[in-house]
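Predicted model follows, preceded by the sequence.
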Amino acid sequence: MNKLIKNIALLICVSVFISSCETIDYGDTNNNPNGPTSPVTSQLFTSALTWIPEITVDEVSILYMQHITQGQYPGSSRYETLTSNYNDWYTGPIMNLNEIININEGSNASAALAFGATENQLASAKILRAYYLQYMTDSWGYLPWFEAFQGVANTEVAFDSQESLYDYMFAEVDAALAMISSAAGPTGDFMFGGDMDKWATFGNNLKATMALRISGVNATLAKTKFEQAAASGMLITTNADNLEYTYGTDDVSDSPWEDNFETREDYILSRTMIDNLRTNVDPRLFEYAEEARDSVSAVTNFPGGIDAGYVGAPNGAVNGNVPSYSFIADEIIYEFDFPSPIYTAAQMRFALSEAALKGWMVTGDAMTHYEAGIQESMDYWGVDSADAAAYIAAHPYTGIADIAYEKWVALYLNGPEAWAEWRRLDAPFLPPSTFAAVQQIPTRDAYDPSVEDNNAANYAAVVAAQGPDDIYTKLWWDVN
């Protein structure tokens, strides 16, 4: 009884003590004086833009396309990258762009006006989000999207078909292009400096690229969307209008290629690329590559044997003595700020050439755009005009096979686009690595094992709809 009385007394004392304390206002003690207390759309946009090099310098797809191969560690050249994880795209740039869009479409949009006109923040964020989504779906195919971004409210999200994602992207890009105004562009846009004409160009060239991508499975929609993009007058036809990602000159913002070669020499020119350029007496050989330091080619094809120093390595072999082979051009791998192309005149001229071949309504015929595409590629790489003219004369336009080959050459080091167009056109012929366990060039990325572990029912549904979850299942638009 005495113990009970003591406990009751102690409880009363504590209660009195607590009730006598003042409510303390700690003010802004827990606020970081050096950080924002609410989302800043300019910072979100800057962060989202920094993901573009993940596409423009996607080494695995470049290796698949045999522009380059690897030295003594040839895993990806042997198609050993069996699964890939898309989570960082969702939690990184896509999340940032979603937040920009939510803020500017919400009741608090006025708070973001300091960072650019509402309509232009929305337009640039939607175009960039569509660009990222196209890369993602062209890699994996089906993706969780329409039910995604709900957090713990929905952790087992259904996958959406690639066809539905393309419909969504067209709608998003069209909406974005329609809302662009002459008002202030987005701050935080270190790529285009808030220039909305550049964003309109980005959107129209993305739209044309998407249209051509689906031309084998939905020719009517493809024709409509491509013709709309062409009619805008914003398809890139000269190098002066190229869209590029420019890097900084410090170790934080420099080119991934410079980082790759800072302490190691892992990448060398593929024998496939070197041999094709040599066989066709293509002067871009001397711009794409450097002469090998320790060997010469037994075969030459240029006058005077000036191509003897250019040596390609066999794809997927353990090419341990890398100085025996040609490296990527010095300015690409050693300059901090050598830019990466996003959309170029050569790329879009070949798109226009194919569109004309299909009978779509564009200005100019297939041959004119084909020859212009080669010329723009030559000019971009600094080839002498006489050498370019000789090459064009020696390689006249005859049809889609010529377009496919020249596009593959012109997309040098633009792995995702080269890979997508090679899958779509099934050309040019690229010999699979004889060193690979499965001698077949991959046609998609497979999902990370965590997808099946954490979302079993929806994973089973997507496999049933799309096909086996491996790197050889073809995507929806890949019908060749």
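Perfect, I can see it now.

Next, work out how far apart the closest residue to L49 other than its chain neighbours and L97 are.
With sequence-adjacent residues excluded and distances taken as Cβ to Cβ, 6 or more residues apart in numbering, L49 is closest to M191, at 5.4 Å. Using the backbone N, CA and C atoms, a C-beta is placed for each residue, glycine as well. From M191 across to L97, the span is 14 Å (Cβ to Cβ, to the nearest Å).

who has more neighbours, those two?
A side-by-side neighbour count of M191 and L97, using other Cβ atoms under 10 Å, places L97 first with 26 against 22.

For the more buried one, which residues are in contact?
Counting by Cβ atoms under 8 Å, 6 or more residues apart in numbering, L97 makes contact with 44-45, 48, 125-126, 128-129, 132.

Looks to me like it is in a helix.
Yes - L97 sits within a helix when classified using DSSP: H, G, I helix; E, B strand; the rest coil.

what is the mean pLDDT for stretch 416-429?
Mean pLDDT, stretch 416-429: 98.

Could I get the buried residue list for that stretch?
Residues of stretch 416-429 classed as buried: 416-425, 427-428 (neighbour count, 16 or more other Cβ atoms under 10 Å).

and these, which of them are in helices?
Cross-referencing the buried residues of stretch 416-429 against helices under DSSP state H gives 416-425.

So what's the gap between the helix ranked longest in the chain and the chain middle?
For the chain, the helix reaching the highest residue count under DSSP H is reported as helix 118-140. Centroid separation between helix 118-140 and its chain, computed with Cα atoms, centre = their mean, to the nearest Å, is 11 Å.

burial count for S353?
When neighbours are counted by other Cβ under 10 Å, S353 comes out with 27.

Give me the neighbour count for the closest residue to F45 other than its chain neighbours.
Leaving aside its chain neighbours, F45 sits nearest to G188 (4.2 Å; criterion: Cβ to Cβ, 6+ apart). A count of nearby residues for G188, using other Cβ under 10 Å, gives 22.

Make a markdown table out of the buried residues of stretch 416-429 and add distance to A292.
Formatted as a markdown table, the buried residues of stretch 416-429 follow (distance: Cβ to Cβ, whole Å):
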| residue | distance to A292 |
| --- | --- |
| P416 | 28 |
| E417 | 28 |
| A418 | 24 |
| W419 | 26 |
| A420 | 31 |
| E421 | 29 |
| W422 | 26 |
| R423 | 31 |
| R424 | 34 |
| L425 | 31 |
| A427 | 29 |
| P428 | 24 |
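
show me the contacts for the residue nearest the centre of the chain.
Residue closest to the average C-alpha location in the chain (Cα atoms, centre = their mean): I55, at 2.8 Å. For I55, the contact set (Cβ under 8 Å, 6+ apart) comprises 131-132, 135, 416.

pLDDT score for it?
98.
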